[in-house]
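Participant: Give me the fold of what follows.
(one chain, ligands or ions: 1)
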Amino acid sequence: MPSFEPHVQAARAQLALVRPQDYAQTRNALDGAVTRLSPYITHGLLSLREVYDDVHARFGLDARHKLVFELGWRAYYRHVWSHLGEGIHQSIHAGVLPDEAYRADMPLDVVQARTGVAAIDLAVSELYASGYLHNHARMWLASYLVHLRKVHWLVGAQWMLAHLLDGDLASNHLSWQWVAGTGSTKPYLFNAENVAKFAPAQWRSPGTVIDTSYEALDELARSPRAAVDGRVQARVPSALMQPPWMSTPPDERWSAPDARWAAGRDVVLLHPWSLGAAPHVTHAEAANPQVLLIGAGFEESHTPMAWSERRWRFVTEGLLSRTPNLWWGSAQKIAQALQGARSVSWLPEPHVDQALQQVRAHLQAKQPQPTGQASPTLHTLSEPVLFEPVETYCGSFAKWWRLSRIAA
Ligand SMILES: Cc1cc2nc3c(=O)[nH]c(=O)nc-3n(C[C@H](O)[C@H](O)[C@H](O)COP(=O)(O)OP(=O)(O)OC[C@H]3O[C@@H](n4cnc5c(N)ncnc54)[C@H](O)[C@@H]3O)c2cc1C
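Facilitator: Numbers count the residues shown, from 1 in each chain. Next comes the predicted model:
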């Protein structure tokens, strides 16, 4: 079972294990040589650029290699997100059935990993146990839920996102749409033979609903009726989901924003998606009277996006490995506590974009300062990109890939 430690050293150690040749040959198999870098990439402990530079230096890889192509998928989904914004929460276009034909709750037997389809139950159990799933298992789980159980892709996407350590709105929601057929030209379907080809023996699912032909699966996907009998169709309210999801950190090491900490200091605001940002500011330096690293959790960003306890732990420990100062609060409360700082910097990231924009607006507004000080100067940190931004919206990965270039 993979496990992940939330610091840069662990991310670099995982990167050092990457074997691109094996990856290209075996990545579709559940026990293939996939990189398992995604939690580190999602939480800002590694950038796509660092991954590319490393494999380029060690193995001479370029944009034609399968691994770079897969990194491209992540960048492509970010491209789509930057154009569609909140629109990624809706079906991009019609799928095989209208949105209303799908259910709004997760089936209890799926949530409890007792569907009787080994490939599904093992995927759910592994997701809960490690917070990570191989791409193929994610595809199987999503396809089963949408096409055979008639769960709306967004419901499944929110459920999976909550449990993933690498949960990324763009990669997750747009992959679900790709499977559902609302973001691609056809639904993704799989059968027991496909599972047997790519998964270890215990995943095999003979004699189950997936043990059929692609023609039969296509018919099931196009029928509004769920392909599994009513007995296991019980619904579970999301509040009772096990393991539970949380919209606030279950940890007393987060405290309310406190203006006294920031007063007169150069604050670097770290957030859950930038655990590795500002690498020049070490834990020790953060203790010096001039510089202050603050790990900030914005309430607004989590209300619509609950996390598993494991993910909260990952993020909390990751931030604590950089700074003992963790703030949890609304963007407004955090901004108020930063008013007396000399400067404030952060790494932009779409998951917290709205909250950071609120902080910016608040700090730029002419607030009367109790100390008579000027408002803090604001800086955005940046990291080198791997792919040059593609300005034209690309509705398909193929088009984006044709237009994209590795940045110098
Ligand atoms: C239903 C579903 C939900 C998904 N949800 C997420 C998610 O929330 N967060 C997430 O990072 N990925 C998501 N993915 C994409 C992909 O499954 C994971 O990025 C990949 O499995 C992570 O494991 P790895 O690092 O070992 O990948 P590797 O195969 O080793 O790939 C290396 C890196 O390339 C990128 N990558 C590879 N394949 C994809 C892909 N298909 N789409 C986007 N990026 C890719 C990732 O950054 C990954 O870390 C989802 C896929 C599906 C089908």
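Participant: Stretch 51-64 close to the ligand?
Facilitator: No - remark: stretch 51-64 sits outside contact range of the ligand, by CB under 6 Å from any ligand atom, the gap being at least 7.2 Å. Heads up, the C-betas are built off the backbone N, CA and C, glycines and all.
Participant: do stretch 115-135 as well
Facilitator: Yes - Stretch 115-135 reaches the ligand (CB under 6 Å from any ligand atom) through 134-135.
Participant: just stretch 2-21 next, same as before
Facilitator: No - using CB under 6 Å from any ligand atom, stretch 2-21 never reaches the ligand; the gap is at least 7.8 Å.
Participant: So what touches that stretch?
Facilitator: 33, 35-37, 39-40, 43, 45-46, 50-51, 54-55, 59, 61, 65-67, 130-132, 165, 275-276, 279, 314-315, 317-318, 321 (CB atoms under 8 Å, 6 or more residues apart in numbering).
Participant: Pretty sure Pro206 sits against Glu193.
Facilitator: No - applying CB atoms under 8 Å, one finds Pro206 not in contact with Glu193, separated by 9.7 Å.
Participant: Of those two, give the one with the bigger neighbour count.
Facilitator: Between Pro206 and Glu193, counting by other CB atoms under 10 Å, Glu193 is the more crowded of the two (15 against 11).
Participant: Can you tell me how far that one is from Ala227?
Facilitator: 17 Å (CB to CB, to the nearest Å).
Participant: just Tyr40 next, same as before
Facilitator: Tyr40 is 37 Å from Ala227, by CB to CB.
Participant: between these two, which one's more packed in?
Facilitator: Applying other CB under 10 Å to Tyr40 and Ala227 shows that Tyr40 carries more neighbours, namely 29 against 18.
Participant: To which secondary structure element is the more buried one assigned?
Facilitator: helix 38-42 (DSSP states H and E).
Participant: in that helix, what counts as buried?
Facilitator: Neighbour-count burial for helix 38-42 flags 38-42 (criterion: 16 or more other CB atoms under 10 Å).
Participant: Just the CA trace of that helix, in PDB.
Facilitator: C-alpha atoms of helix 38-42 as PDB (Å, rounded to 0.1, in the frame of the first residue of the first chain):
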ATOM      1  CA  SER A  38       0.600  13.000  -7.700                       C
ATOM      2  CA  PRO A  39       0.100  13.900  -4.000                       C
ATOM      3  CA  TYR A  40       3.400  15.800  -4.100                       C
ATOM      4  CA  ILE A  41       2.500  17.600  -7.300                       C
ATOM      5  CA  THR A  42      -1.000  18.500  -6.100                       C
END
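Participant: Tell me which helix or strand comes right after it.
Facilitator: Next along from helix 38-42, by DSSP H and E: helix 48-59.
Participant: Output the helix or strand following that following helix as PDB, restricted to C-alpha atoms.
Facilitator: Downstream of helix 48-59, the first helix or strand assigned by DSSP H and E is helix 66-84. C-alpha atoms of helix 66-84 as PDB (Å, rounded to 0.1, in the frame of the first residue of the first chain):
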ATOM      1  CA  LYS A  66       4.900   8.800 -22.600                       C
ATOM      2  CA  LEU A  67       5.700  10.200 -19.100                       C
ATOM      3  CA  VAL A  68       5.900  13.800 -20.400                       C
ATOM      4  CA  PHE A  69       2.700  13.200 -22.300                       C
ATOM      5  CA  GLU A  70       0.900  12.200 -19.100                       C
ATOM      6  CA  LEU A  71       2.300  15.300 -17.300                       C
ATOM      7  CA  GLY A  72       0.600  17.100 -20.200                       C
ATOM      8  CA  TRP A  73      -2.800  15.700 -19.200                       C
ATOM      9  CA  ARG A  74      -2.500  17.500 -15.800                       C
ATOM     10  CA  ALA A  75      -1.500  20.700 -17.500                       C
ATOM     11  CA  TYR A  76      -4.300  20.300 -20.000                       C
ATOM     12  CA  TYR A  77      -6.900  20.000 -17.300                       C
ATOM     13  CA  ARG A  78      -5.600  23.100 -15.700                       C
ATOM     14  CA  HIS A  79      -5.900  24.800 -19.100                       C
ATOM     15  CA  VAL A  80      -9.500  23.800 -19.300                       C
ATOM     16  CA  TRP A  81     -10.100  25.000 -15.700                       C
ATOM     17  CA  SER A  82      -8.600  28.400 -16.500                       C
ATOM     18  CA  HIS A  83     -11.000  28.800 -19.300                       C
ATOM     19  CA  LEU A  84     -14.200  27.300 -17.900                       C
END
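Participant: Could you list every helix and strand that helix 66-84 packs against?
Facilitator: Contacts defined by 3 or more CB pairs under 8 Å, 6 or more residues apart in numbering; DSSP states H and E place helix 66-84 against helix 20-26, helix 48-59, helix 169-180, helix 397-403.
Participant: I'd like those as a markdown table, with mean pLDDT appended.
Facilitator: Converted to a markdown table, these look like this (pLDDT from 0 to 100):
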| stretch | mean pLDDT |
| --- | --- |
| helix 20-26 | 97 |
| helix 48-59 | 97 |
| helix 169-180 | 98 |
| helix 397-403 | 97 |
